[in-house]
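Participant: Give me the fold of what follows.
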Amino acid sequence: MKHTPFWVEEHPRPENITSDLPGEADVLIVGSGLTGLTAALRLARGGKSVVVVDSGEIASGASSVNGGMVSPDIKAGIKVIFEQFGQELGREMWQATVRSVDIVSDLAATESIDAKIMRGGMAALGIGPDAQARFEQSVSWYREQVGVDWEVLGPGRVGEVIGHGPFTTAIFEPEGFGIQPARFVFGLASSAAAAGARLVSHCEATSFEKDGPGFLVLTTEGPVRVGEIVLATNGYTTDRPSAELARRIVPVGSYIVVTEPIADRATAIFPGGAMTYTKKRLLNYMRRTPDGRILIGGRRNLHTGLDLGESAAALRGQLIGYFPQLEDVPLTHVWGGKLAVPFDLVPHMGQVDGAWYALGYAGHGVGLSTLMGHELAGMLLGEEPPSVFTKVPHPTRFYYRGNPWFLTPASILYRTLDRLNR
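Facilitator: Next up is the predicted model:
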C-alpha cells in the first residue's frame, strides 16, 4: 500500500509555476492552499502584485488531499449562529455557505479546470429510529429557517444514497457534490501563476513587523516588504509567523484510504454518487471516486501525525464493518492531512497584529476556504463589504498556547459519547 495521496498521484502538481522570492509586493500570502490561491488569483487579476509563500510544496496541504466533498453549512451547524447572534446574522452566514458551494463549480468552469465534479448530493447517515427522529427534527428546522430542499430518507429509501450496510436513515442534501481536489487546487495554482502571482515553495514566513505603512516579512529565503499580509495556513498554522493566530485554532488529523477500482461494486454501494458521512463526533466520510474506487476517511483519535499503517488498518476495519462484502478488496493508498478546528467550530476571518487571516473550516474546507479567500481578496481590493465571517468574535482559551495537550482526553470522551449515541 502506498503512503501517498491518491489524488496527487492521479493528477500530479503542475511544473513551472513557482518563482523566486521578490524583494517587495503589494500583498504577501502565507499558505498556498485554496484560501491563499483563490485570494492570490483575485488580487492578481485586480492589479495587485502578489507573492504566495509556502513552507512546503505549492498546495501540498489539506487542499489537495482531502475527501473532495462540497456542501453548505459550518461544522457547528448554522443553528448555533441563529441562537447566539440572531436570525439576521445567521441567515447571512447561511447564504455565504451556499455561495461557497457555487463558487467551487463556478471557478472550475471559468478557469477551465476539469475537477471531475460528481453531482450526487451529500448524505448524513444514521442507524435506527432515534437517529431518524433527530434527522427529521434537524431538517424541519433548516427548512423553516433557511428554506433548504433537504429530505430525510427512511428505511424504504435510504438505499437511494447508500446501497448496502447497516444504515437505515439519511439526510439528503441535493446541492452537495464531489470533486477531485488535487485537480481543483492545482488548476487554481496554474491560474494564479498565469495571472502574475508569484508562488514560492519551500519558503517559510518566520516573522513580520510593521514597516512604515506596510510590513517587513522575514522568510527562510530572505526579507520581503509588503503592503498587506494574508495568513492562509488553516490546519498547518504554527507559531511562526504569528503565535497569537496559533492560539485560535486546534490542528486535528484526518486520514484517508482508497480501495482499488471496483467499478460495479462501488456503484452498488453508492448508487447515486452521493458524498456521505456518519453523524458522529469521530465520524467517517465515504464516497465513490470518479474511477470507481471507494474512499473512506476519518480518524482513530484527534491527533495529527498518526502512523499511516495503523490508520489504514483502523479505516479498513471501519470500512469492512460497514460493508463486509468488501473484505476481499485491497487498499491501494493511505495518507493524512490536518484540519483547523476553532473552539467555537465556526470559520473566522479577521486581523491579528495587522495581518489578515481566514481559517477554521473544520472539515468544510473545500467550499469555505475557496469562498473566504475570494471574499478576503475582494475586501482588500475595495470591491466587497466585510465578510460575514469577520462579524463573529474569534475565541481562544486561556489554557491554550498552541500545544493541543487535550486531544487525547477529548478523543476518549468523543469515542465514549459516540458509543452511547449521545
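Participant: which other residues reach stretch 395-409?
Facilitator: 238-239, 243, 246-248, 250-252, 301-303, 342-344 (C-beta atoms under 8 Å, 6 or more residues apart in numbering). Any C-beta I mention is one placed from the backbone N, CA and C, and that applies to glycine too.
Participant: Repeat the analysis, applying 7 Å as the threshold.
Facilitator: 239, 243, 246, 247, 248, 250, 251, 301, 302, 303, 343, 344 (C-beta atoms under 7 Å, 6 or more residues apart in numbering).
Participant: Flag every buried residue along that stretch.
Facilitator: 396, 400, 402, 404, 407 (16 or more other C-beta atoms under 10 Å).
Participant: can you check stretch 80-89 too?
Facilitator: Neighbour-count burial for stretch 80-89, counted by 16+ other C-beta under 10 Å, picks out 80, 81, 82, 85.
Participant: contacting residues for the second one?
Facilitator: Translated: residue 81. 89, 90, 93.
Participant: quick revisit: taking the buried residues of stretch 395-409 one by one, which sit in helices?
Facilitator: Judged by DSSP state H, the subset of those located in helices is residue 407.
Participant: and the buried residues of stretch 395-409 as TSV, adding distance to residue 220 and pLDDT?
Facilitator: Listed next are the buried residues of stretch 395-409 as TSV, based on distance: C-beta to C-beta, whole Å; pLDDT from 0 to 100:
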residue	distance to residue 220	pLDDT
396	27	96
400	27	95
402	20	91
404	25	94
407	28	94
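Participant: nearest to residue 279, of the buried residues of stretch 395-409?
Facilitator: residue 407 (21.6 Å; C-beta to C-beta).
Participant: Quick one: the helices in the stretch 151-300 of the chain, in order.
Facilitator: Here the stretch 151-300 of the chain has its helices, by DSSP state H, counting those that start in this stretch, at 181-194, 243-246, 264-269.
Participant: Deepest-packed of the ones you listed, please.
Facilitator: Ranked by mean neighbour count, those are led by helix 181-194 with a mean of 25 (mean count of other C-beta atoms under 10 Å).
Participant: Any chance you could list what contacts that helix?
Facilitator: Residues from elsewhere that reach helix 181-194 (C-beta under 7 Å, 6+ apart): 7-8, 11, 13-14, 17, 32-34, 37-38, 40-41, 44, 58-59, 63-66, 68, 107-108, 111, 113-116, 199, 366.
Participant: Give me the buried subset of the residues you listed.
Facilitator: 7-8, 11, 13, 17, 32-34, 37-38, 40-41, 44, 58-59, 63-66, 68, 107-108, 111, 113, 115-116, 199, 366.
Participant: Throw together a PyMOL command that grabs the buried residues out of the contacts of stretch 395-409.
Facilitator: Selection of the buried residues among the contacts of stretch 395-409 in PyMOL, burial being defined by 16+ other C-beta under 10 Å:
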select buried, resi 246+247+248+250+251+301+302+344
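Participant: Sort out for me which of the contacts of stretch 395-409 are in strands.
Facilitator: If you go by DSSP state E, the contacts of stretch 395-409 have 250, 251 in strands.
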